[in-house]
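K.L.:
task: produce atomic coordinates for the following.
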Amino acid sequence: MNKQSYFLLIMVILTACQIKDSQSIVETKKPNIIFLMDDQHRWDALGIINQQIKTPTLDSLARSGIHFDQAVCQAPMCVPSRNSIMLGLYPNQTGVLRNPDGLKDEELPTKTLAEYLRDAGYETAGFGKTHWGKHKTSTRGFETRYVSEIPEEGAKSMAELDSAAKARYDAEIASMGPGEENNIGYLGFTSKVPEEDHRDGWISKKCLEYIEERDDDRPLFLYLSFMKPHAGHNVPKGYEDLYEVDSIDYAQQPPWDKDYSPHAAGVNRRDMYVDYWKDATEQEWKLMTMRYYANVTWMDDMMGRAIRALKTRGLLENSIIIYTSDHGEMLGERYYRFNKYCLYDGSVRVPLILSGTVIPKNVTDSRPVDLVDVLPTLLQSAGVSYSDQHPGYNLLAPNQREGAFTALHERPDEASFMWRTKRYKLILIMNRKENNADYSESDIKGGELYDLQDDPNEWKDLYNKESASQIRSEYTSNIIEKLNALSN
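P.N.:
The predicted structure is shown next:
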């Protein structure tokens, strides 16, 4: 489908499903909304992009919908990214900038996605990770709520309902360290506990039970969110068998003898990873990468089970299905860099697929996309009005961002901001403002600039090259303009 035909079809869809007055919508006509999500899933860890990886469910959704192949998160870590998605605001607007942050219920600047849909007549059911931050929260709009790890007031938890299974899982991952992210967590091993003892396996089981037993005439908002493929890579039996470890490609290292990452040097246990993986064997690299992929396949399999159960119950006959992740995973790229906490593509780019009965089929959309676009896309598709403070775009409308924007606030005195198009990426390192506002060019301390077409690995920094001065100036203006808009 060419671009002109695609946008013509989009306009037809908008005419059919976008209603100005939400009271004029017949309740039964509202689409069921199925929101699938996982954690730390690389943008290219999809079978439609990398044939090494087995993701039949997500590949099928992409073929039956739109694959946004240039989507980025708004902060490359769980808490600020997930707040950004569910509130439809950038981290500089929410004030949730780092993983230790969070907001109390009474501090929320706007309704959550689930609250908007609940108040518009949806039944709201949430299963799995939201990770709002350091404060214990309510379910924030979910009427049915199951959590595996982080408690919420009013939610049913794995620790409460199946403490023995939780204890078995916790014992298995004890050697993986905080967040299951030490080198043992990354190298991984085949799990010795059954799938239902894993947090994601338990959540999947509870979601399937809910779908089978559901008895409600309201339109459904179902949120199913997994904690993997985030390390640790302790994959349930069977999934590693789908891969030939000897054929696995792994991260190619740059021709450097030390790390080069001006905006993210030294953050997040760099020494621990470098010291281990610099001397790791080829077999260890292949096993680590394969187990990450096997975790991806496991997540894909559980999503497939949920989709089949929904289809059996007739809940996909009028539906929108969205899938994304909160951020990526460096997986050893750029001089032994793991997890996220940087603005390179392995970390900031995310998979994003929109599918369902009213979505164009087999479309690849290469517009710049921010994950703040998820909330307005889903609400407008459901005919639900929302506050004009949300800066995102409806992805089913033919708007065009000039570029994608991401922020990193890992240093107390610095903030780094990214402006990215399909061709170029600029990262500005700036003096950090306490109020996240009033940035100007005088705050710039340095930066990085990459030609993503000629240098997709982001190994050749053009920031100080005279030949790149025009792009640097243009993208600098875009970042400053964006920051000023977010402070108003």
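K.L.:
and stretch 59-66, what's buried?
P.N.:
For stretch 59-66, a neighbour-count test (16 or more other CB atoms under 10 Å) marks 59-62, 64-66 as buried. C-beta here means a position set from N, CA and C on the backbone, and glycine is covered the same way.
K.L.:
check what contacts it and list those residues.
P.N.:
Outside stretch 59-66, the residues within contact range by CB atoms under 8 Å, 6 or more residues apart in numbering are 46-48, 321, 323, 353-356, 359-365, 395.
K.L.:
if any of these are buried, put those into a PyMOL selection.
P.N.:
Per 16+ other CB under 10 Å, the buried members of these correspond to this PyMOL selection:
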select buried, resi 46+47+48+321+323+353+354+355+356+359+360+363+365+395
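K.L.:
tally of neighbours for residue 234?
P.N.:
Here the neighbour count serves as a burial measure; for residue 234 (other CB atoms under 10 Å) it reads 23.
K.L.:
how close does it get to residue 292?
P.N.:
In this structure, residue 234 lies at 12 Å from residue 292, with CB to CB, to the nearest Å as the measure.
K.L.:
likewise residue 154?
P.N.:
If you go by CB to CB, the gap between residue 154 and residue 292 works out to 34 Å.
K.L.:
now the strands for the stretch 351-488 of the chain?
P.N.:
For the stretch 351-488 of the chain, the strands defined by DSSP state E, counting those that start in this stretch cover 352-356, 363-365, 369-370, 404-411, 414-420, 424-431, 444-451.
K.L.:
figure out which of those is closest to residue 149.
P.N.:
Proximity to residue 149, assessed across those by CB to CB, is greatest for strand 404-411 (23.1 Å).
K.L.:
who does that closest one touch, helix- and strand-wise?
P.N.:
Applying 3 or more CB pairs under 8 Å, 6 or more residues apart in numbering; DSSP states H and E, one finds that strand 404-411 makes contact with strand 71-72, helix 91-94, strand 369-370, strand 414-420.
K.L.:
so where is this protein shaky, pLDDT-wise?
P.N.:
1-28 (pLDDT under 70).
K.L.:
who touches both of residue 234 and residue 292?
P.N.:
With contacts defined as CB under 8 Å, 6+ apart, the residues adjacent to both residue 234 and residue 292 are residue 188.
K.L.:
take the helices and strands packed on strand 404-411 and lay them out in a markdown table including mean neighbour count.
P.N.:
Supplementary listing: those in a markdown table, determined by neighbours: other CB atoms under 10 Å:
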| stretch | mean neighbour count |
| --- | --- |
| strand 71-72 | 26 |
| helix 91-94 | 25 |
| strand 369-370 | 22 |
| strand 414-420 | 24 |
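K.L.:
now the end-to-end length of stretch 106-121.
P.N.:
Stretch 106-121 has an end-to-end distance of 23 Å (CA to CA, to the nearest Å).
K.L.:
neighbouring contacts of that stretch?
P.N.:
Judged by CB under 8 Å, 6+ apart, the contacts made with stretch 106-121 from elsewhere in the structure are 22, 27, 30, 33, 35, 85-89, 93-94, 103, 124, 126, 139-143, 218-219, 221, 223, 374-375, 378-379, 382-384, 386-387, 389-390.
K.L.:
residue 154 and residue 292: who's more crowded?
P.N.:
More neighbours surround residue 292 than the other of residue 154 and residue 292, with 28 against 13 (other CB under 10 Å).
K.L.:
now do the contacts for the more buried one.
P.N.:
The contact partners of residue 292, taken as CB under 8 Å, 6+ apart, are 45, 188, 229, 231, 233, 329, 331.
K.L.:
got the contact list for residue 365?
P.N.:
Under the criterion of CB under 8 Å, 6+ apart, the neighbours of residue 365 are 6, 66-69, 395.
K.L.:
thank you kindly, that will do.
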